[in-house]
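Novice: Here is a sequence together with a model predicted from it:
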Amino acid sequence: MTLHDVARAAGVSLATASRVLGGSARKVAAEYERKVLAAAAELNYTPDLSARAMRGPTDTVALVADDLTTPSIGLVVAAMERQARTVGAFVSVAQTRGVPERQFDTVRTLCAFRPRALVLTSTRVEGTARNVRLIEELRAYQRNGGRVVIYGSVDLPFDSVRFDDRTSARLVGEHLATTGHRKILILSGTPDRAFAAERQAGFEAGLAAHGVRAVRAVECEVSRQGGYQAVLDAQAGGGLDGVDAIVAVNDVVAIGALSACRDAGIAVPGQLSVTGFDDVPLASDLTPRLATLALPHAASGARAVQMALADADGLDGREPLRAEDEGGREPLRAEGEGGREPLREVIVGRFIARESCAPRL
């Protein structure tokens, strides 16, 4: 069935049917709208999205992510989809594993479908030679009327939403220090993860601010198995002697650390405390429940889409993410293109004390 068939069945003009089914901003009388929708439903009409893309931008927000397997990105994507639906848009998702060539190819392919906006959830897009093509592709897309929002810790001339990992992690270190912990083992992740380095620096700064300097960092894979193996290796090598707290770079690593402690007969929090970072849903269902730094993943994901669907001036009449939305916010500005500075939203999380972390006073 074609749009002409729908218009004929509804007894309206082709232009009216197009406005109703094409998401036009021009209003149609309620009576005609009902007729068109009823005819479309009866005829099982489906809009030709490829043809619409040739005429102009679609109502799609294209999400390009490094990794879709983490618990936190699931929260982000679900929130993005909910936010997009509130204005009649929807989200398409692609994964690149953070590989520059795949990022470029993915963005270039998606731009050909003319999405209304692109959101990149990445901590690995930097202004280096390897990423020049990607950055130029994003600039061209934005010059042609698209919107680009970066969800992550990058310094590029586009609107962005990111977490302040260092300041947030500092809250964890300060909590441990003020509750009497004096010898700390940090499961720090791997050097290729920018967020991991920032979190380690924050942990150490928070501890040092209260005089705690007996800190040892151990690299590990950012996974449950990585945390599990790191703790067992540390115990076998005497690295847990006197340690009264294990600080993990995220909750998944912390969950592995908790499992290793249980298998090794190390009581948590009796012998040592364990803390995580992110506050994934599983964190509050563990035994003991995991103390962690909570980040407002859902609220920040929704905000990224809100920014992506804003008008050309970067303002859509809505309030930015507030401190009470599970995290603090600090607006930053940087020089951008096209006569407008990109909007930078920086979010700080909050520490949640749970049973896996007990005072040593």
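Specialist: Right, received. Where do you want to start? Remember, it's a predicted structure, so these values are computed and weren't measured experimentally. Numbers count the residues shown, from 1 in each chain.
Novice: Skip the chain neighbours and tell me the closest residue to the most centrally placed residue in the chain.
Specialist: Nearest to the mean C-alpha position of the chain, by C-alpha atoms, centre = their mean, lies V76 at 5.1 Å. Counting by C-beta to C-beta, 6 or more residues apart in numbering, V76 lies nearest to G301, which is 3.6 Å off, once chain neighbours are set aside. (Glycine included, C-beta is placed from N, CA and C.)
Novice: The one you found: what's it in contact with?
Specialist: Neighbour list for G301: L75, V76, V77, A78, A79, M80, Q83, Y151 [criterion: C-beta atoms under 8 Å, 6 or more residues apart in numbering].
Novice: could you pull out the helices for the stretch 101-250 of the chain?
Specialist: Ranges of helices within the stretch 101-250 of the chain are 132-143, 165-178, 194-208, 224-236, based on DSSP state H, counting those that start in this stretch.
Novice: now the first one, how far from the chain's geometric center?
Specialist: Relative to the mean C-alpha coordinate of its chain, helix 132-143 is positioned 21 Å out (C-alpha atoms, centre = their mean, to the nearest Å).
Novice: Let's test this: mean pLDDT of that helix, rounded?
Specialist: Averaging pLDDT along helix 132-143 gives 88.
Novice: again, but for the second one
Specialist: The pLDDT scores in helix 165-178 average 97.
Novice: What helices and strands are in contact with that helix?
Specialist: Packing partners of helix 165-178 (3 or more C-beta pairs under 8 Å, 6 or more residues apart in numbering; DSSP states H and E): helix 194-208, strand 245-248, strand 273-278, strand 291-294, strand 343-348, strand 350-352.
Novice: how close does S92 sit to V222?
Specialist: The gap separating S92 from V222 is 26 Å, by C-beta to C-beta, to the nearest Å.
Novice: More neighbours: which of the two?
Specialist: When S92 and V222 are compared for neighbours, V222 comes out ahead with 22 against 15, by other C-beta atoms under 10 Å.
Novice: Just the pLDDT for the more buried one.
Specialist: The model's pLDDT for V222 equals 93.
Novice: Nearest residue to it in space, please, no chain neighbours.
Specialist: In this structure, V222 finds its nearest non-sequential neighbour in G189, 4.6 Å apart by C-beta to C-beta, 6+ apart.
Novice: for S18, same thing?
Specialist: By the measure of C-beta to C-beta, 6+ apart, the closest residue to S18 outside its immediate chain neighbours is L3, 6.2 Å from it.
Novice: hmm, who's touching stretch 256-271?
Specialist: 187, 223-232, 235, 240, 244, 246, 248, 272, 274, 286, 288, 290, 355-358.
Novice: Can you flag the buried ones in those residues?
Specialist: Buried members of the contacts of stretch 256-271, scored by 16 or more other C-beta atoms under 10 Å, are 187, 223-224, 226-232, 235, 240, 244, 246, 248, 272, 274, 286, 288, 290, 356-358.
Novice: Run through the stretch 151-300 of the chain and note the low-pLDDT ranges.
Specialist: For the stretch 151-300 of the chain, residues meeting the criterion pLDDT under 70 lie at 153-154.
Novice: cutoff 80 now
Specialist: 153-156, 192, 194 (pLDDT under 80).
Novice: returning to what we had before: what about the residue nearest to V76, distance to Q95?
Specialist: 16 Å.
Novice: Could you do T190 as well?
Specialist: 19 Å.
Novice: More neighbours: which of those two?
Specialist: Shown here are T190 and Q95; by other C-beta under 10 Å, Q95 has more neighbours (16 against 13).
Novice: beta partners of the more buried one?
Specialist: Beta-bridge partners of Q95, counted by DSSP bridges, are A65.
Novice: what do you get for L187?
Specialist: Beta-bridge partners of L187, as defined by DSSP bridges: V218, A248.
Novice: Can you give me the distance of it to V77?
Specialist: 26 Å.
Novice: Give the residue spans of the stretch 1-150 of the chain that score low on pLDDT.
Specialist: Using pLDDT under 80, the flagged stretches of the stretch 1-150 of the chain are 1-3, 14, 18-28, 45-58, 98, 122-131.
Novice: all strands for it, in order.
Specialist: For the stretch 1-150 of the chain, applying DSSP state E, counting those that start in this stretch gives strands covering 60-65, 90-95, 117-121, 147-151.
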